[in-house]
Structures are given as structure tokens and as C-alpha cells.
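S.K.: sequence plus the predicted model coming up.
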Amino acid sequence: MTNRMADRSDQIKALSSESRLDILRLLTDPGTEFADQQSADPATEGVCMSMIADRLGVTQPTISRHIDLLRRAGFLTVRKKQKWSYCKRDEAALADYHAWLSDTLQIGGD
């Protein structure tokens with residue numbers, strides 16, 4: 001996972017919103033979903049927070065709250081570049097959560 005072990009309750013809360021799930025879905029393939037981003041390569045640098053807000057039709061304060069919760073949960077990294085903030089999924093954190101949830105609920109077991 002990330003350097004800081006995210007609190008499982010933060011992770012559960014982060015995934016309890018359809019809007020936050022939409023953000024994670026959009027960032028699954030940022031190179032395709034945000035190919036029109038010109039300020040940075042979305043696949044390598046991440047996606048500008050304002051582009052995510054535009055895509056979801058929400059205000060900047062709303063997207064900031066959603067992204068902050070996903071970041072605290074460890075599911076997103078946010079990097080500032082000049083005045084913009086770029087978001088990327090943390091695939092290791094998402095895989096760790098999936099493994100924990102599967103183990104906790106004994107999903108896929110006999």
C-alpha cells in the first residue's frame with residue numbers, strides 16, 4: 001500500500017459514494033478518458049482536478065471534498081504542479097483494499 005496505512009473506515013467511507021466511485025472509474029484509463037488534457041499527460045502525470053469536476057458536472061469545492069477523502073483513504077495521489085492539482089489512482093492501495101475486503105468477508109473461499 002502507500003507509505004501511510006490508511007484507516008479502513010476512511011476507505012469504506014471513500015467507496016460509499018457513487019460520485020467517488022465515478023472518479024475512480026474515470027481514472028482507470030486516464031489517457032483515454034481525458035485525452036483532451038493538454039497541461040500534462042493524464043496517463044503519467046494524472047488528471048487535473050478541474051477536468052474531473054467538469055466531467056462529473058460538479059463544482060470545484062465538491063470535487064475537492066471527494067478527492068480529499070479518496071486521497072486520505074490512500075486510493076488517489078494528488079500532485080500539485082503550478083496552480084493545478086493532478087490526480088492518479090493508487091493501484092497498490094486499491095489492490096490492498098480489495099485483498100483485505102476479500103479476506104475479511106471470505107469472498108472466493110470454499
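M.R.: Arrived safely. Residues are numbered from 1 along each chain as shown.
S.K.: how about Val78, secondary structure?
M.R.: What DSSP: H, G, I helix; E, B strand; the rest coil gives for Val78 is strand.
S.K.: contacting residues around it?
M.R.: Gly46, Met49, Ile67, Arg71, Ser85, Tyr86, Cys87 (Cβ atoms under 8 Å, 6 or more residues apart in numbering). Backbone N, C-alpha and C define where each C-beta goes, glycine included.
S.K.: from the residues you listed, which land in strands?
M.R.: Among these, DSSP state E puts Ser85, Tyr86, Cys87 in strands.
S.K.: quick one: residues contacting the second one.
M.R.: With contact set as Cβ under 8 Å, 6+ apart, Tyr86 has these partners: Ala40, Glu45, Gly46, Val47, Cys48, Met49, Val78, Arg79, Lys80.
S.K.: go ahead and confirm the fourth one touches Cys87.
M.R.: Yes: in this structure, Val47 sits in contact with Cys87. The criterion is Cβ atoms under 8 Å, and the distance is 5.5 Å.
S.K.: got any residues that touch both of those two?
M.R.: With Cβ under 8 Å, 6+ apart as the test, Val47 and Cys87 both reach Leu27.
S.K.: all helices for this protein, in order.
M.R.: 8-14, 18-26, 30-33, 49-56, 60-72, 91-104 (DSSP state H).
S.K.: mind listing what's buried in the second one?
M.R.: Along helix 18-26, these residues count as buried under the neighbour rule (16 or more other Cβ atoms under 10 Å): Arg20, Ile23, Leu24, Leu26.
S.K.: ok, the third one next?
M.R.: Neighbour counts over helix 30-33 (16+ other Cβ under 10 Å) mark Pro30, Glu33 as buried.
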